[in-house]
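Engineer: show me how the following folds:
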Amino acid sequence: MSPPRCDRLRLSLALIAIVSNASYTTIAPILPLEIDKYDISERGIALIFLAFSVGSSVAPPLVARHLESMGTFTVMSYSMVGMSLLFLCLGYIFDIAALLLSSNDHPAEESTGATSSNHNILVAGLLILLQFFMGAFFSTITTGYYSLATFAFVEKESAMSYIEAGVGAGYILGPVLGSSVLYDEMGYKFSYSVISMCMMVMAFLTWKFFSIHKGSKTPVDEVSSDLEAPTSGFVKNYNSFDNDFLAAGSVRDRTIGQLEAMNIDGHEKIAPTAISLLKFPKILFAATTIMWINVSWTFIEPLLAKRLNNHFHVGKKQIGLIFSLSNIIYVPTVFLVQYLPRHRRWRHWTISISTMLTPLAVLLIGSNAYSLVILGIILIGLLPTPVWIMLLPFMQDESTMLFPDTDLKRCVNDVTAGIYNSFMTLGQVVGYTIGPLMGSHGFAMTTQLVAVLIFLQSMLFYFCTKGNKPRTKRGSTC
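Structural biologist: From the prediction side, this is the model:
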């Protein structure tokens, strides 16, 4: 693609990252404070957040294999519609629970306390279900823009910088606009009605101007055509072959962990799947690294708002600003990372050192001194940044070395992006699980445990992903 078209694509993906992440990040500072009125325990809150992460972890490997055939922008636009409807339900979740209870006939002698308890249990159950599907839609969007960012550009770190800047900007805007403006000034229901509307508008823009569909004549169609059309006859035939056999029921026992083999033009081609790539230690330990880097923040995400409020007596507006602080540091830093050496050995060293230093920020966040907590939040936006920018291109290059056939380039790219996104969100599952399990041992002890585990992961990455220089160079469409 020409430079202007590449620039339009970068900005389009960054805009999608901003809107989707800003919408999602309104949940952490708002929802715990709202459901606290309904006597739902910290463990129940953690389960609600955990459901989002489980949905986010399950979806990427399933979706990634079909991004090419369905069209990445089209998949993202439909997922935005799903998130929009779920945000609307989130705003009225307590009314929905009350309506469901009132539709049942309760005995006249039933106590008010029992009714209130049933309502709270139903609210928790509905929130868990809603968060699961919210996570699935959200991770489908993120898998889409990570896949395009690493496939369409020669300078992968530059493309990832735009994406991560969009993610960081979303993380800044979400808590500030959500808790400090919408929630604090206009209330819970109105907040999520506005967020739902914003997601629906973004879904329409993505479908109308970026997706390939009949009758569309937009300036971005050429860019989308290059990226969404099958990159080879093999991949197109491969998808058709797979779908036909599944429909016929002859391979109903096929799983995502199996390698798929075909004979095209007299040559057998093997397409990778998520589990087949994870059998290689370099891919596995790179994936677990992004998982633990994400744990460094997510294990405190459902607990930080209440800790700041109860332990340091911080108000709602200040909590929103503190949630955004690490991302205020993160956004400018991501553009500096792309200027670091990108030779394979230097990239490996940079990721390793960044992972080794991240536990320092975690330990500071667990401090009882307010100033050290703020310093830890600043450092959590600074120290892991090279990992967020460099790790996915590192995994893409390693996967391409394992499957160097150019016919498989798009397939390998999408599956690797799915692995990356799945393990990244798996970090949320681990993070939201560690918090409640370690709650009885204190917040400081929890941060110390997480810091030790992240440091051990940095050692595993360093020693298990070292290797020779790549023998092949990967092509690109941009």
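
Engineer: and the longest helix for the protein?
Structural biologist: helix 112-151 (DSSP state H).

Engineer: mind listing what's buried in that helix?
Structural biologist: 118-120, 122-124, 126-128, 130-151 (16 or more other CB atoms under 10 Å). Using the backbone N, CA and C atoms, a C-beta is placed for each residue, glycine as well.

Engineer: what mean pLDDT does that helix have?
Structural biologist: If you average the pLDDT over helix 112-151, you get 86.

Engineer: same check on stretch 275-291?
Structural biologist: The model assigns stretch 275-291 a mean pLDDT of 94.

Engineer: now stretch 46-56
Structural biologist: Mean predicted confidence for stretch 46-56 is 85.

Engineer: repeat for stretch 388-404
Structural biologist: Mean predicted confidence for stretch 388-404 is 91.

Engineer: next one: stretch 85-100
Structural biologist: Stretch 85-100 comes out at a mean pLDDT of 90.

Engineer: how long is it from one end to the other?
Structural biologist: By CA to CA, to the nearest Å, the extent of stretch 85-100 from end to end equals 19 Å.

Engineer: quick revisit: now find how far off-centre the helix or strand just after the longest helix of the chain is within its chain.
Structural biologist: Per DSSP states H and E, the first helix or strand lying C-terminal to helix 112-151 is helix 156-175. Between the centre of helix 156-175 and the centre of its chain there are 12 Å (CA atoms, centre = their mean, to the nearest Å).

Engineer: list the buried residues of the next helix-or-strand element following helix 156-175.
Structural biologist: Next along the chain after helix 156-175, taking DSSP H and E as the criterion, comes helix 184-186. Within helix 184-186, no residue counts as buried by 16+ other CB under 10 Å.

Engineer: tell me the helices and strands packed up against helix 184-186.
Structural biologist: Using 3 or more CB pairs under 8 Å, 6 or more residues apart in numbering; DSSP states H and E, no helix or strand is in contact with helix 184-186.

Engineer: pLDDT of it, averaged?
Structural biologist: 76.

Engineer: same check on stretch 408-416?
Structural biologist: Rounded mean pLDDT across stretch 408-416 is 88.

Engineer: please apply the same query to stretch 423-431.
Structural biologist: Per-residue scores along stretch 423-431 average to 88.

Engineer: what does that stretch contact?
Structural biologist: Contacts to stretch 423-431, defined as CB atoms under 8 Å, 6 or more residues apart in numbering, come from residues 49-50, 52-54, 56-57, 60, 135, 139, 287-288, 290-295, 297-301.

Engineer: mind doing that once more with 6 Å?
Structural biologist: Contact with stretch 423-431 is made by Ser53, Val54, Ser56, Ser57, Ser139, Ala287, Ile290, Met291, Asn294, Val295, Thr298, Phe299, as judged by CB atoms under 6 Å, 6 or more residues apart in numbering.

Engineer: what about the first one, neighbour count?
Structural biologist: What that stands for is Ser53. Applying other CB atoms under 10 Å, we find 25 residues neighbouring Ser53.

Engineer: element containing it?
Structural biologist: helix 42-64.

Engineer: so for that helix, what gets flagged as buried?
Structural biologist: Quick answer for helix 42-64 (16+ other CB under 10 Å): 44-61, 63-64.

Engineer: quick one: that helix to helix 112-151, angle?
Structural biologist: 30 degrees (axes from the mean of the first three to the mean of the last three CA atoms, to 10 degrees).

Engineer: and helix 42-64, what does it pack onto?
Structural biologist: helix 112-151, helix 301-311, helix 409-437 (3 or more CB pairs under 6 Å, 6 or more residues apart in numbering; DSSP states H and E).

Engineer: any residues touching the very next helix or strand once past the last one, and which ones?
Structural biologist: Downstream of helix 409-437, the first helix or strand assigned by DSSP H and E is helix 443-464. Judged by CB under 6 Å, 6+ apart, the contacts made with helix 443-464 from elsewhere in the structure are 281, 285, 289, 292, 296, 299, 352, 355-356, 358-359, 362-363, 365-366, 438.

Engineer: buried residues of helix 443-464, list them for me.
Structural biologist: Applying 16+ other CB under 10 Å to helix 443-464 flags 443, 446-451, 453-455, 457-458, 460-462 as buried.

Engineer: least confident of those?
Structural biologist: Ranking those by pLDDT, Phe443 lands last with 78.

Engineer: so Ile195 touches Phe87, yeah?
Structural biologist: Yes - with contact defined as CB atoms under 6 Å, Ile195 reaches Phe87; the gap is 4.9 Å.

Engineer: between the helix or strand encompassing Met390 and helix 443-464, how many degrees?
Structural biologist: Here Met390, judged by DSSP H and E, is contained in helix 385-402. Angle, helix 385-402 to helix 443-464, by the same axes, to 10 degrees: 30 degrees.

Engineer: now for helix 385-402, which elements pack on it?
Structural biologist: Against helix 385-402 (3+ CB pairs under 6 Å, 6+ apart) you get helix 156-175, helix 281-298, helix 316-337, helix 344-365, helix 409-437.

Engineer: re earlier: name the helices or strands packed onto the longest helix of the chain?
Structural biologist: Checking 3+ CB pairs under 6 Å, 6+ apart, helix 112-151 ends up next to helix 3-24, helix 42-64, helix 72-91, helix 93-102, helix 156-175, helix 409-437.

Engineer: closest one to Pro393 among those helices?
Structural biologist: The minimum distance between Pro393 and the helices and strands packed on helix 112-151 falls on helix 156-175, with 4.0 Å, by CB to CB.

Engineer: what is that closest one packed up against?
Structural biologist: Looks like helix 156-175 contacts helix 3-24, helix 112-151, helix 316-337, helix 385-402 (3+ CB pairs under 6 Å, 6+ apart).

Engineer: make it 10 Å
Structural biologist: If you count contacts as 3 or more CB pairs under 10 Å, 6 or more residues apart in numbering; DSSP states H and E, helix 156-175 packs onto helix 3-24, helix 27-35, helix 112-151, helix 316-337, helix 385-402.

Engineer: check which residues of the next helix or strand after the helix holding Ser53 are buried.
Structural biologist: Where DSSP H and E defines the elements, the next helix or strand beyond helix 42-64 is helix 67-70. By 16+ other CB under 10 Å, the buried positions in helix 67-70 come out as Leu67, Glu68, Ser69.

Engineer: these two touch, right, the first one and Thr143?
Structural biologist: Right, the one you point to is Leu67. Yes - counting by CB atoms under 10 Å, Leu67 touches Thr143, with 7.3 Å between them.
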